[in-house]
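>>> coords please:
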Amino acid sequence: MQADLEKINSLIIEAAKKAQMETDNEPEPDFTKPIDWPITCTVGPGLEGAIASETKIGYVNGTKGWLIYRGYNIFDLCAYCSYEEVSYLLLHGKLPRASELSEYKKKLAQYRLLNKSLRLLMGFPVENMHAMAALRLGTNMMRQEFTIMDQEEGRRGPTEAIGSDEDSIPMETAPRGAESAIYEFRQPLMRRKARAKQQQETGYDLEACYRLIAGVATVTAAIARVRQGHVPIEPDPELSHAANFIYMMTGRRPSAVEERIMDIALILHADHGMNASTFASMVVASTLSDIYFSVGAGIAALNGPLHGGANEQVISLLQEIGEPSRVKTFLDNTLARKEKIVGFGHRVYKAYDPRARILGPLAEIAVRGNSAAEKLFSVARLLEQEVVARLGQTKLIFPNVDFYSGIVYRALDIQPEMFTPIFAVSRVAGWTARVHEYLQNNRIFRPRAMYTGAFNLEVLPLSQRT
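Down below sits the predicted model:
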């Protein structure tokens, strides 16, 4: 067991060395400097290329295959840190000291207990719902349990707001990049009945972030249990975040190797630039909605097949291929039809995805002793070799994070329909960190669309319209 744990670290370090050999040490100067607003940039459809904010949380260099969290490269974080340390880093901007980590773990252990939220969630037909729909509902149940925002006393009134209508400022004027938020509430929301006793969560403070990091894992595990016909399992305060997650999903305490593998998988998915789900979370937060609704927006965006779910499709593809001997024929036919190969290529990366560099060797360890997973891995490994040999140098197409992550989860006895919720269990750290950072200098998101419709149309009487 100890040898396997040491091997995991050596594989990560080896992957880091290989990645370093294939790149240089200079970041992109145009994307790693403070912004002097307003700026000029090239923007494509869907706001591609638009610069919407500054951040110190994460940096992705797709040309070189870099992924950085708060200045630390992803290889070092996976080799030497736990998910608890990394989520703390994303939120606080520094790795925790021993005492800070101990206190943080205690809070996560406390916040994993969601008896009321799960009781409310179980009132819905979770076993028949899409897992992501149930997860989004579960975050709303947490909002019900830990805030009073849906109650009359928790509603913000118009007299509390400095600006009640953001469209009152003409958007034809150039953005000013104000140093402070234009639309904000004079006081943070508190549970008014309890003010004399203690200040309560505002719905977008750090305690709410902690609750969501802990709670989204509990809700996801409960959904997995119910979908399998079992009752949810309470978390074990003695287990780590990753170990608890596996335990609450499967009903068995994981081995140290399984725990470490899940821990690394969670670290790898914790943040990844201004992707669609992160942007959705930030847009909702910029209206001064609370962080529970913001994370719900991230979950909704992640549910789309263009964002989450690719690793589920990879498993289906590998099962369809079936045997290593059929890989070359499959690839020949796919390329002849000019079809994409799921699990390869990335919108950002034009080099080897650093997350795939880690997950590939990790999957090889994870599948050992699991004949079905071993077979999937053997097909995947040969498919990677063939695709990279044919398309790596010419098209810069390499495996992405989804290619091996599904194999890892299947080796841990996790069903494919839970793969995307697991993505959310990890990414909630990035969502909450970026929302919390953005709200320190909030500016409501308000892009414009180019109108291409008609003008000066005449309204005809109903009888004359054809």
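>>> OK, contacts around the residue nearest to Ile233 when sequence neighbours are not counted?
Distances taken as Cβ to Cβ, 6 or more residues apart in numbering place Met248 nearest to Ile233, at 4.9 Å, with adjacent residues excluded. Heads up, the C-betas are built off the backbone N, CA and C, glycines and all. Going by Cβ atoms under 8 Å, 6 or more residues apart in numbering, Met248 touches Ala217, Thr218, Ala221, Ala222, Arg225, Pro232, Ile233, Glu234, Pro235.
>>> and if you look at Thr394?
The contact partners of Thr394, taken as Cβ under 8 Å, 6+ apart, number zero.
>>> could you check the distance from it over to Asp24?
Counting by Cβ to Cβ, to the nearest Å, the separation of Thr394 from Asp24 is 22 Å.
>>> Give me the pLDDT for the residue nearest to Ile233.
According to the per-residue confidence, Met248 scores 98 in pLDDT.
>>> quick one: it from Ser378, how far?
In this structure, Met248 and Ser378 are separated by 31 Å, where distance is defined by Cβ to Cβ.
>>> Ok, Met262 next?
As judged by Cβ to Cβ, Met262 and Ser378 stand 22 Å apart.
>>> So which of the two has more stuff around it?
For Met262 versus Ser378, the count of surrounding residues by other Cβ atoms under 10 Å is larger for Met262: 28 against 16.
>>> So the more buried one sits against Ala242, correct?
Yes - shown here, Met262 and Ala242 form a contact pair, counting by Cβ atoms under 8 Å, at 4.1 Å.
>>> anything in contact with each of those two?
In terms of Cβ under 8 Å, 6+ apart, Met262 and Ala242 are both contacted by the residues Pro254.
>>> And Pro354, what's its pLDDT?
Pro354 carries a pLDDT score of 94 in this model.
>>> what about Val327, neighbour count?
Counted with other Cβ under 10 Å, Val327 comes out at 22.
>>> Which helix or strand contains it?
In this structure, Val327 is located in helix 327-336 according to DSSP states H and E.
>>> For the stretch 151-300 of the chain, which segments are assigned as helices?
Counting by DSSP state H, counting those that start in this stretch, one finds helices in the stretch 151-300 of the chain at the ranges 206-227, 241-250, 256-268, 276-286, 291-302.
>>> now these in CSV, with distance to Lys56?
Conversion of the helices of the stretch 151-300 of the chain to CSV gives the following (distance: least, Cβ to Cβ, whole Å):
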stretch, distance to Lys56
helix 206-227, 16
helix 241-250, 24
helix 256-268, 18
helix 276-286, 15
helix 291-302, 19
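>>> Which of these sits closest to Glu374?
When these are ranked by proximity to Glu374, the top entry is helix 256-268, at 15.1 Å, counting by Cβ to Cβ.
>>> Enumerate the positions of the closest one that are buried.
Within helix 256-268, the residues scored as buried using 16 or more other Cβ atoms under 10 Å are Val257, Glu258, Glu259, Arg260, Ile261, Met262, Asp263, Ile264, Ala265, Leu266, Ile267, Leu268.
>>> for these, which one is nearest Leu90?
For Leu90, the closest of those turns out to be Ile267, at 10.3 Å, with distances computed as Cβ to Cβ.
>>> residues contacting the closest one?
With contact taken as Cβ under 8 Å, 6+ apart, Ile267 is in contact with Ile74, Leu77, Cys78, Cys81, Ser82, Tyr83, Val86, Ser426.
>>> same thing with Leu412?
With contact taken as Cβ under 8 Å, 6+ apart, Leu412 is in contact with Ile246, Thr250, Pro254, Glu258, Ile261, Met262, Ala366.
>>> quick check, nearest of the residues you listed to Gly304?
Met262 (24.7 Å).
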